[in-house]
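Enquirer: Quick one, structure for this:
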Amino acid sequence: MSSKRKHDSSSFRFLFLYFFSIAALLTIVVICSYPVNSFSQIIERIVALVDGQVITLTDLKIVEVFSLYEDELEEKGNRRLFWLLQRMINQKIVVMTTSKDFSVEEEEIETELQKVTEKLGPREFQTRLDEFGLGLEDLKDYLREKLLYQNILSRRFGQGVLVSLQEIENHYQQVYIPSQEKKGLRPRPMMEILGEIESAIKQEKIRKQKTDWINSLRKQAEVEIRLDESDEI
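Expert: Below you'll find the model as predicted:
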């Protein structure tokens, strides 16, 4: 009797381990067959802290997947996400520092939302919303902060930039002519492109003023970055 019980017990353990192994194997197969680039596979983590405000990996991926800063994107490849994070940090610092004096109209947000929808196409746009578990109002929060940031910079640096004739002449000689010769083109007379050169110099001055101002704000803020430049997520 005792021998039979031992045999039954051994058989039970064998069957249990057998079925457990099969179940574990099936689980591994299912996991491995799941798309590795699916947004639902993002393991949430904090990628930056800005004066106590959190930027998560999901925030970063939403900005990337919906191409919210695509028109400003300067870095590609491995540094793309790191550049996007720096852009988000700058945005948060500017908005946190000066937003009380600025606002965004609902019409602006709707217009921006329409641009994003048209760029992706309605079906792809909805698919990405679903994969992140986002509603339209959730995405509007990202758009609202982006537009607020842009409005602040535009109002602060949009006017009052002067360009001298000497600066125009220098740009023509040192930038325009070499660039045309490099392309194998004949440079146009300076008087024909005076307006274009003046506009280019203004834009460069505004860009530098914005950069200097944002850098000064960053020096006053507490910023902790938890994403390495080489991270590929």
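Enquirer: from here on, contacts and neighbour counts on C-alpha atoms
Expert: Fine.
Enquirer: Could you list the low-pLDDT ranges of this protein?
Expert: Counting by pLDDT under 70, the chain shows low-confidence ranges at 1-42, 74-78, 230-233.
Enquirer: all helices for the protein, in order.
Expert: 2-33, 57-65, 80-98, 106-120, 122-132, 136-157, 165-171, 177-182, 194-220 (DSSP state H).
Enquirer: Buried residues, stretch 63-77. List them.
Expert: Buried positions in stretch 63-77, judged by neighbour count with 16 or more other C-alpha atoms under 10 Å: 63, 64, 66, 68.
Enquirer: Save those as TSV, and put in distance to residue 144 too.
Expert: TSV is the format used below for the buried residues of stretch 63-77 (distance: C-alpha to C-alpha, whole Å):
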residue	distance to residue 144
63	13
64	16
66	14
68	11
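Enquirer: rewinding a little: and the helices of the chain as a markdown table, adding distance to residue 51?
Expert: What follows is the helices of the chain, written out as a markdown table (distance: least, C-alpha to C-alpha, whole Å):
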| stretch | distance to residue 51 |
| --- | --- |
| helix 2-33 | 38 |
| helix 57-65 | 17 |
| helix 80-98 | 8 |
| helix 106-120 | 26 |
| helix 122-132 | 26 |
| helix 136-157 | 16 |
| helix 165-171 | 40 |
| helix 177-182 | 43 |
| helix 194-220 | 10 |
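Enquirer: Pop the domain breakdown of the chain in here.
Expert: Domain assignment for the chain, taken from automatic domain parsing, gives 46-160+210-225, 165-206.
Enquirer: Kindly check the end-to-end length of the first one for me.
Expert: According to C-alpha to C-alpha, to the nearest Å, domain 46-160+210-225 extends 9 Å from its N-terminal end residue to its C-terminal end residue.
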